[in-house]
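> fold the following for me, if possible:
(chains A and B)
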2 protein chains.
Amino acid sequence: MFGEIAGVDEGWIYPSRRAAYDADVHRALQSGIVGTGATGAESVVLSGGYPDIDEGSRLLYTGHGGLDRATRNPIAHQTFEAPGNAALETSRIQGMAVRVIRKVEAGYRYDGLYRVEESMLVYPEGKPFKVCRFEMVKIDKTVDALYTPIEAVVSAEVQHPDQPIGNPVPGRRSTSVQRIIRATKVSDWVKDLYDNTCQMCGIRLAVGKGAYSEGAHIQALGGLHQGEDRVENMLCLCPNCHVLFDAGALVVQEDRSLQLNGAPAVLNGKPADKLHVHNLHIIGDEFLTHHREAHQG
Amino acid sequence: MFGEIAGVDEGWIYPSRRAAYDADVHRALQSGIVGTGATGAESVVLSGGYPDIDEGSRLLYTGHGGLDRATRNPIAHQTFEAPGNAALETSRIQGMAVRVIRKVEAGYRYDGLYRVEESMLVYPEGKPFKVCRFEMVKIDKTVDALYTPIEAVVSAEVQHPDQPIGNPVPGRRSTSVQRIIRATKVSDWVKDLYDNTCQMCGIRLAVGKGAYSEGAHIQALGGLHQGEDRVENMLCLCPNCHVLFDAGALVVQEDRSLQLNGAPAVLNGKPADKLHVHNLHIIGDEFLTHHREAHQG
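Numbers count the residues shown, from 1 in each chain, chains lettered A, B, ... in the order given. As a prediction, the model looks like this:
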């Protein structure tokens, strides 16, 4: 139960954890994080049990673990292996939306969807044990509807001097490559079908207990290409093959063999097979033709 | 001579191609595109010789070639192999800034830096021969100073109904992974030093006559990590190793051996060597330590 819950609006307050549980908003009565490393995190509750930093549309969420059961005092480092922390790591890596619930005076308020932008093991000031800290940024639905990358929201906030968390110093955020990852139903379906295994080179990039792959549009969505966001127009690729495919260097021929820079493709040191296609995945040949003709002539 | 030319401001008009040439703004007297596939494009002139579409901050630039020398009529398809077109392809793939010069009544006006967002081989309406078309988007310096990705600029323009080129239909731009590539002096230096060969797995992704790699910050620049944009804090990686490294799955140990998900790394089907480091590249051990401790504890 990821993302929005049908019929539940932002701002609704549930009088108790039990009520939030029954509404599917946060499906655990005690844990602050619902989810596992294999699936990602559905929701988190900010209840003040750990030293979270909360500035509304951005917050630093502290993971779980490391506390003495009886005294609730820290006695060990937290780790990203603890189930809830592993869940938030998966959400970060896969670009998944996480529901945030805040403890307020009247109960537990559903505050909408956030993305996990960063994570880090860090010593809280003056403390002897590390905690897992997650930087979470609210998904602005107005902005997201236009598919502005999350990063743009972050930058827009630079102009508010009352938002000090990670306030980027101009010059600091210079990056040569920035990945904006967004889980969508279309890309999830394709990536799940192939278990994150690249349809071109066969690589599966394991990340902890999960794996990373990318949903690659065959006919690009942008201004010139005007492709469609459908599973028929999407491949499950590793980032390397995705880059080569988007650059037009790697092309799928009519017989679905792979050409790289005009020669039979060698990927990962061995001649590539044909494009691997699962029998549940009907790929639109017109999209492959578009890609080939747009790049190869 | 890429990017801005010192001492030359946007809006300056040169009375002739020769004057623009002498100022290093456009270093060719006849060609519309200065550059090669190996280096990328320095500059383009929009002179109306080809059917360009120009809407100010976004334009569709038509490549060169395919014309009869005598009559200047199209007699063949253009290709991405023609030197100027190959140059713009390299600029697109590498995220390089290209100077745009417009023919105006008084001469040739320098109109600032653009990025090549997309390219495509396409039949101009009703014409029998294909042309290379490049979608170029102006780099907004105010916005870029805050390191907002280019895509954000594009989305902002959606709100102007007088900007029809590639006006994204909401829903269309949904992408699962979006790469914002930005050439910087720091990343250029590192990628050139290694000739785009991954320091971890040794892969070099050839794209036409060039190659693709990514400059990866060791200590991330973002809010939590606050790393620095220096070559000491940067590696040349392939996209696959970059993703694994950013996810914290791939970690450089103190002896510079590589661990993947807690075991000696196997990359591309073979045990990985230690991190390959060129003797001109002094990597800051403190950054590697930060990365290791932020992810491994």
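
> against residue B:70, how distant is the nearest residue to residue A:227 once chain neighbours are set aside?
Take residue A:227 and drop its neighbours on the chain: the residue closest to it by CB to CB, 6 or more residues apart in numbering or on different chains is residue A:219, 3.2 Å away. C-beta here means a position set from N, CA and C on the backbone, and glycine is covered the same way. Going from residue A:219 to residue B:70 by CB to CB, to the nearest Å gives 38 Å.

> equivalent analysis for residue A:104, please.
As judged by CB to CB, residue A:104 and residue B:70 stand 78 Å apart.

> these two: which is more packed in?
Using other CB atoms under 10 Å in any protein chain shown, the more surrounded residue of residue A:104 and residue B:70 is residue A:104, with 11 against 6.

> chain neighbours aside, what residue packs nearest to that one?
Nearest residue to residue A:104 in three dimensions, chain neighbours excluded: residue A:13, at 6.5 Å (CB to CB, 6+ apart).

> so what sits opposite the one you found in the bridge?
Following DSSP bridges, residue A:13 is listed with bridge partners residue A:109.

> contact partners for it?
Residues near residue A:13 by CB atoms under 8 Å, 6 or more residues apart in numbering or on different chains: A:104, A:106, A:107, A:108, A:109, A:110.

> which of those residues sit farthest apart?
A:106 and A:110 (12.5 Å; CB to CB).

> okay, these two: which has more neighbours?
A count of neighbours by other CB under 10 Å puts residue A:110 above the other of residue A:106 and residue A:110, at 23 against 9.

> quick one: residues contacting the more buried one.
Residue A:110 sits in contact with A:8, A:9, A:10, A:11, A:12, A:13, A:14, A:20, A:25, A:99, A:100, A:101, where contact means CB under 8 Å, 6+ apart.

> ok, 6 Å please
Shown in contact with residue A:110 (CB atoms under 6 Å, 6 or more residues apart in numbering or on different chains): A:12, A:25, A:101.

> which of those residues has the most neighbours?
Most surrounded of the contacts of residue A:110: other CB under 10 Å gives residue A:101, at 25 neighbours.

> does residue A:244 count as helix, strand or coil?
Following DSSP: H, G, I helix; E, B strand; the rest coil, the label given to residue A:244 is helix.

> next, count neighbours for it.
Number of residues near residue A:244 (other CB under 10 Å) recorded here: 27.

> how about it: what's its closest non-neighbour residue?
residue A:250 (3.8 Å).

> could you do residue A:187 as well?
residue A:215 (2.9 Å).

> partners of the host helix or strand of the one you found, with directions?
Using DSSP states H and E, residue A:215 sits in strand A:214-217. Sheet partners assigned to strand A:214-217 using DSSP bridges are listed as strand A:234-237 (antiparallel).

> what are the boundaries of the helices in the stretch 1-150 of chain A?
Using DSSP state H, counting those that start in this stretch, the helices of the stretch 1-150 of chain A run over A:17-22, A:83-94, A:141-145, A:150-157.

> could you find the closest non-adjacent residue to the residue most central in space within chain A?
Closest to where the C-alpha atoms of chain A average out (CA atoms, centre = their mean) is residue A:95, at 1.0 Å. Distances taken as CB to CB, 6+ apart place residue A:181 nearest to residue A:95, at 3.1 Å, with adjacent residues excluded.

> that neighbour touches residue A:93, doesn't it?
No: contact between residue A:181 and residue A:93 fails when scored by CB atoms under 6 Å: they sit 7.6 Å apart.

> and the pLDDT for the residue nearest to residue A:104?
pLDDT recorded at residue A:13 is 91.

> if we can go back for a sec, for the residue nearest to the centre of chain A, phi and psi?
phi 70, psi 30 (degrees, to the nearest 10).

> part of a strand, is residue A:288?
No: counting by three-state DSSP, residue A:288 is not part of a strand but helix.

> beta partners for residue A:134?
Legend: beta-bridge partners of residue A:134 under DSSP bridges are residue A:61, residue A:119.

> neighbours of it, how many?
Counted with other CB under 10 Å, residue A:134 comes out at 27.

> measure it to residue B:104 for me?
Taken as CB to CB, the span from residue A:134 to residue B:104 is 52 Å.

> same question, residue A:233
On the measure of CB to CB, residue A:233 and residue B:104 end up 41 Å apart.

> now do residue A:230
From residue A:230 to residue B:104 the distance is 44 Å (CB to CB).

> ok so, going back, got a list of what the residue nearest to the centre of chain A touches?
So residue A:95 contacts A:181, A:182, A:183 (CB under 6 Å, 6+ apart).

> and residue A:232, how many residues sit next to it?
For residue A:232, using other CB under 10 Å, the count is 15.

> that one touches residue A:284, doesn't it?
Yes: contact status for residue A:232 versus residue A:284: in contact at 4.1 Å, counting by CB under 6 Å.

> from residue A:98, how far off is residue A:84?
Residue A:84 is 11 Å from residue A:98, by CB to CB.

> ok, residue A:284 next?
Noted for residue A:284: a distance of 33 Å to residue A:98, by CB to CB.

> cool, residue A:293 as well?
For residue A:293 relative to residue A:98 (CB to CB), the value is 41 Å.

> okay, those two: which has more neighbours?
Neighbours per residue, other CB under 10 Å: of residue A:293 and residue A:98, the larger number sits with residue A:98, 27 against 15.

> for the more buried one, what are its contacts?
For residue A:98, counting by CB under 6 Å, 6+ apart, the contacting residues are A:41, A:91, A:114.

> from residue A:131, how far off is it?
Distance from residue A:98 to residue A:131, by CB to CB: 18 Å.

> tell me how chain A divides into domains.
Using automatic domain parsing, the domain parsing of chain A gives A:13-138, A:184-296.

> among those, which comes closest to residue B:272?
The closest of the domains of chain A to residue B:272 is domain A:184-296. By CB to CB, the value is 13.3 Å.

> so how far is the first residue of the closest one from its last?
30 Å (CA to CA, to the nearest Å).

> low-confidence ranges in the stretch 151-297 of chain A?
Within the stretch 151-297 of chain A, the segments meeting pLDDT under 70 span A:151-180, A:222, A:297.

> need the contact list for residue A:3.
With contacts defined as CB under 6 Å, 6+ apart, the neighbours of residue A:3 are residue A:97.

> what is the burial count for the closest residue to residue A:202 other than its chain neighbours?
Nearest residue to residue A:202, sequence neighbours excluded (CB to CB, 6+ apart): residue A:276, at 7.1 Å. Residues near residue A:276, counting by other CB under 10 Å, number 17.

> and the contacts of stretch A:279-293?
A:193, A:218, A:219, A:232, A:233, A:251, A:252.

> nearest to residue B:258 among those residues?
So of the contacts of stretch A:279-293, ranked by how close each gets to residue B:258 (CB to CB), first place is residue A:193, at 30.4 Å.

> isn't the residue nearest to residue A:227 up against residue A:226?
No: using CB under 6 Å, residue A:219 makes no contact with residue A:226, being 7.6 Å away.

> neighbour count winner among these two?
residue A:219 (19 against 15).

> enumerate every residue touching that one.
Applying CB under 6 Å, 6+ apart, the residues near residue A:219 are A:225, A:227, A:233, A:287, A:290.

> and those residues, which is closest to chain B?
residue A:225 (6.2 Å; CB to the nearest CB).

> burial check on residue A:123, number of neighbours?
A count of neighbours around residue A:123, defined by other CB under 10 Å, yields 12.

> before we move on, what about residue A:290?
Residue A:290: 19 neighbours (other CB under 10 Å).

> ok, now residue A:52?
A total of 18 residues lie near residue A:52 under the criterion other CB under 10 Å.
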